[in-house]
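Novice: show me the folded form of this:
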Amino acid sequence: MRKQIIEYTSPLDALIALTRQLNTYEIKYQMTSEEFFAKYSQGETSDDEVFVEWAANYQHYLALHQDIKNKLTDVA
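Specialist: Numbering: from 1, shown residues only. Below you'll find the predicted structure:
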């Protein structure tokens, strides 16, 4: 499967896109990304490409979320 690189104009745009993608996984697999990631981290899921991608997207989401939160805190 060929991966596509998408560039966003801001971290907020990237966060929104990741949130939409995570929501798609959550609906399909009937669990939150947080629940999935806990299971994935403990080796309770397979290493199928979709789960590896979901885990990577969730980690990216967490990092972006924290970065935006830190920037907003610095402004206040």
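
Novice: rest of the way, CA atoms for contacts and neighbours
Specialist: Noted.

Novice: can you give me the pLDDT of residue 2?
Specialist: At residue 2, the model reports a pLDDT of 60.

Novice: now do the residue most central in space within the chain against residue 34, distance only.
Specialist: The central residue of the chain, meaning the one whose C-alpha is nearest the mean C-alpha position (CA atoms, centre = their mean), is residue 58 at 2.4 Å. The gap separating residue 58 from residue 34 is 8 Å, by CA to CA, to the nearest Å.

Novice: one more: residue 18?
Specialist: Between residue 18 and residue 34 the computed distance is 14 Å (CA to CA).

Novice: same check, this time on residue 57
Specialist: Counting by CA to CA, the gap from residue 57 to residue 34 is 12 Å.

Novice: so for the two, which sits in the more crowded spot?
Specialist: Under the neighbour definition other CA atoms under 10 Å, residue 57 and residue 34 were set side by side, and residue 57 has more, 18 against 12.

Novice: buried stuff in the host helix or strand of the more buried one?
Specialist: Secondary structure here is read from DSSP states H and E; on that basis residue 57 sits in helix 49-75. By neighbour count, with 16 or more other CA atoms under 10 Å as the criterion, the buried positions of helix 49-75 are 51, 54, 55, 57, 58, 61, 64.

Novice: thanks again, I'm all set now.
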